[in-house]
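Chemist: Need a 3D model of the following:
(2 chains)
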Amino acid sequence: MNKFFSAEKFKYTFYLLSHPLDGFYEIRHRDRGSVPIALIIVFLAGLTYTLNRIWAGFVVNDVNPRTVDLLSEMQGIFVVYFLFCVGNWSITCLMNGEGRLKDIIMAVGYSLLPMILCGLPAILLSRFIASDEEAFYYLIIFIGTAWTVIMMLLGIMTVHNYSLGKTLFTLFLTLIAILIIIFVFMMLSTLLDQVFMFIRSIYLELLFRG
Amino acid sequence: MKQLILRTVLPIVLMLLILSEPVSVCAAEVPYDSYNYDYWNKVVFTPAAYVPDDSISGVSLGTTPFLNPQDIFVAQNGLVYLADTGNNRVLILSEDMKSIVKEIKEFDNQGTADTFNAPYGVCATADNELYIADSQNNRIVVLDLSVLLGETTASEETPELVKIIENPVSDVLEADYVFTPLKVTVDYAGRVYVVAQFMFQGVMVFEKNGQFTSFFGTIPVKISTIEKFWKKFKTKEQREKSLMYIATEYTGIDVDPSGFLYASYIDSAGIQAVMRLNPNGQDVIKKGQNANLGGDIWIDGMSEYSGPSRIIDVVYRDKGIYSLLDAKRGRIFTYDYEGNLLYIFGGIGTQEGTFVTPVAIEANENKILVLDSYRAEIISFTPSEYGTLINDAVGLRYDGDETLAVDKWNEVLKYNENLELANVGIGKAYLTTGEYKLAMKYLKLGMSRQYYSIAYKRYRNEFLKANLGYFMTGALVLIAAWFVFKGLRRKNRKAKGGRSYE
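Modeler: Okay, here's the model as predicted:
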């Protein structure tokens, strides 16, 4: 238990915010990170996203509350998260990346922290602004997003020990890998469905004849 | 016996209970849906705004049945003009549409009796001049009816001819152009607006003396980027064979008292099907929150029923309210002067109050008249309590009496609490009276971000002003606490002899 959740490891997530390069290096090589904490951060980021959709102030919120569904949004976020991690892993494996799957999971997961740290105050602020003060809200959201993107980029770069150019290139390949994975899954499900339908029709046929 | 009752009678009673129609909340049962679109373009069903109250056919008027009638017009004095196209006549009906005032089949054209050939559109001015789009004779006949209508006894006298508008000549018209007028309308200055067949350049405008002056308000042609993209790959032959991108024709026109022209057309995108043209021919119509003036929001599917509305006529009513008639689904869409949808009603069918082929719409005081060419009937609708309240409230708002409109809007909300327009109306009134908290509540229900924001700003200012003392005290306490805390910590650290960092 201590291996995953120690006070020191919780504090380390905040250290990462200001020292992404050193921080991710130590995650890779000195075992300072924790996969469960990364997953918790992803969960909280998903929660923040849904909260933002339903609780952000009326002035900035153009979401129909009837379309907000925590469960399906959370599923979507986790699916995208794992697709990205696996896609990245499968590419970097072939391209001399030093990161293991758990390093990628931690790097991507930890870098979502600014989303939560900026998202929650933004929701709070959005409830106290009028229409020409929206810029403050969008600024906070923008800072959170930019911070996350920078951290994610540096994180992936560091755990694989890549240059920036190579990181961007592998990210592009990751995108293609994700598409391939989706394609394979869809094909698999269609084929399985057909096999199932085949067995089902044989069963029904036997049932009717028998 | 008891067994029998339990076994047979009880199930039957239960069945009847289940199968019987639930008691309708609405007072009048109508053969169509009445609905509106909310902020998210979702259908919200409403009480019926208008209910059918009468249908007028040739038989009910005691004459030969109408044959393929194409246009109706309600004059300022209340007389109803009907272009009975197939019978080559124009009928003038009394105000209550129960009897025929006059039947015009022929007129005196410089000494000879002349007749009509498929009169397609009619329009009458306040001084009883009747404009008839005599389509197959390629002319517009203008008759003076003041003598005819002034007489108390019905006479067989033919109406006097004022002028004939035909053969428009202009540089912008082709030499072999055949003028086939379909719809005609006249503004207060005597300018004649004509929708002609195969005339894609816009509405034709004629001066009072019958001289063709110009086109008016061309419908913009929209070509999507995908179409443009594919066009690049087409060979010359393919391009020649493919459809030409030309503007559509106008389908109906009407003039409001200030001389602005309402012109409807068929928009394939279903976004805007009506224009309000100023005297320069520019479209100055206002669009509402969802920026849609095309009737129904696009209905998905491949059936006859899907796609955008096919708006074929427009009528300007009172206080900036205008209605559009959809031929595809037989619906009537009513908008206020700001382009907000007020109510939708009507449908295709054969029941009383539905249409088969609606072709023209008119307003007779508070009633709405729809002409059905296939059924050869005028179907008359009268506003329900709900419709009347909305009309009145919009009218009051149009005149600037927003505070007076609040009572009406409150009544409307009793019938339909989802009507965003009513909520906004109430919210705005509270905003002007300074009850910002209530204004915020109603403006949020009405999805009006702009006014909600104004109300919220004022509410926030008021709140801050009222509680400034508390805020300042709180801030002072916090600052003091922080200094104390800092001092204590420094003391502690000194006592420990300082802490070293790596």
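Chemist: all contacts plus neighbour counts: C-alpha atoms, from now on.
Modeler: Will do.
Chemist: For the residue in chain B that chain A sits nearest to, which three-state class applies?
Modeler: Nearest residue of chain B to chain A: residue B:453, at 4.9 Å (CA to the nearest CA). Classification of residue B:453 using DSSP: H, G, I helix; E, B strand; the rest coil returns helix.
Chemist: what's the closest non-adjacent residue to it?
Modeler: The shortest distance from residue B:453 to any non-neighbouring residue, by CA to CA, 6 or more residues apart in numbering or on different chains, is to residue A:130 (4.9 Å).
Chemist: how's chain B carved up into domains?
Modeler: Domains of chain B are assigned by automatic domain parsing as B:46-400, B:401-491.
Chemist: Pull the distance from the first one to the chain's centre.
Modeler: Translated: domain B:46-400. Its chain's average C-alpha position is 13 Å from that of domain B:46-400, according to CA atoms, centre = their mean, to the nearest Å.
Chemist: And the last one, by the same measure?
Modeler: When distances are taken as CA atoms, centre = their mean, domain B:401-491 is centred 35 Å away from the chain's centroid.
Chemist: remind me, longest helix of the chain?
Modeler: As the question left the chain open, I've gone with chain A. helix A:164-209 (DSSP state H).
Chemist: wait, chain B
Modeler: Longest among the helix segments of chain B by residue count, using DSSP H, is helix B:468-496.
Chemist: For it, buried residues please.
Modeler: Residues of helix B:468-496 classed as buried: none (neighbour count, 16 or more other CA atoms under 10 Å in any protein chain shown).
Chemist: same deal with stretch A:173-185?
Modeler: A:173, A:174, A:175, A:177, A:178.
Chemist: pull the helix or strand with minimum mean pLDDT from chain B.
Modeler: Least confident helix or strand of chain B, by mean pLDDT, DSSP states H and E, is helix B:10-19 with a mean of 60.
Chemist: tell me the mean pLDDT for the next helix or strand after it?
Modeler: Reading on from helix B:10-19 to the C-terminus, the next helix or strand found by DSSP states H and E is strand B:35-37. Mean pLDDT, computed over strand B:35-37, is 91.
Chemist: ok now do the residue of chain B closest to chain A, which residues does it touch?
Modeler: By CA atoms under 8 Å, 6 or more residues apart in numbering or on different chains, the residues touching residue B:453 are A:59, A:130, A:131.
Chemist: What is the nearest of those residues to residue B:380?
Modeler: residue A:59 (43.6 Å; CA to CA).
Chemist: what about that closest one, helix or strand, and which?
Modeler: Under the criterion DSSP H and E, no helix or strand holds residue A:59.
Chemist: Okay, residue B:204 and residue B:217: tell me how far apart.
Modeler: Residue B:204 sits 9 Å away from residue B:217, going by CA to CA, to the nearest Å.
Chemist: tally of neighbours for residue A:36?
Modeler: Applying other CA atoms under 10 Å in any protein chain shown, we find 14 other residues in the vicinity of residue A:36.
Chemist: can you pull the pLDDT of it?
Modeler: 92.
Chemist: Output the contacts of residue B:453 in TSV; the columns should cover distance to residue B:408.
Modeler: Formatted as TSV, the contacts of residue B:453 follow (distance: CA to CA, whole Å):
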residue	distance to residue B:408
A:59	28
A:130	29
A:131	29
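Chemist: Tabulate those (TSV), appending pLDDT, distance to residue B:391 and neighbour count.
Modeler: Below are those laid out as TSV (pLDDT from 0 to 100; distance: CA to CA, whole Å; neighbours: other CA atoms under 10 Å in any protein chain shown):
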residue	pLDDT	distance to residue B:391	neighbour count
A:59	90	30	23
A:130	87	32	23
A:131	83	31	17
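Chemist: For residue B:278, grab the count of nearby residues.
Modeler: Neighbour count of residue B:278, defined by other CA under 10 Å: 17.
Chemist: Residue B:365 now?
Modeler: Residue B:365 has 12 neighbouring residues, counting by other CA under 10 Å.
Chemist: Find the closest residue to chain B in chain A.
Modeler: Of all residues in chain A, residue A:130 sits closest to chain B, at 4.9 Å by CA to the nearest CA.
Chemist: which ones are touching that residue?
Modeler: A:59, B:453, B:454, B:456, B:457.
Chemist: how many neighbours does the third one have?
Modeler: A total of 18 residues lie near residue B:454 under the criterion other CA under 10 Å.
Chemist: Phi, psi for the closest residue to it other than its chain neighbours please.
Modeler: Using CA to CA, 6+ apart and skipping residues adjacent in sequence, the residue nearest residue B:454 is residue A:130, 7.2 Å away. Main-chain torsions, residue A:130, degrees, to the nearest 10: phi -100, psi -180.
Chemist: And the domains of chain B, which one averages the lowest pLDDT?
Modeler: Out of the domains of chain B, domain B:46-400 stands lowest, with a mean of 87 (criterion: mean pLDDT).
Chemist: coming back round to it: just give me the closest of the contacts of residue B:453 to residue B:289.
Modeler: residue A:59 (15.0 Å).
Chemist: Surely that closest one touches residue A:132?
Modeler: No. With contact defined as CA atoms under 8 Å, residue A:59 does not reach residue A:132; the gap is 9.4 Å.
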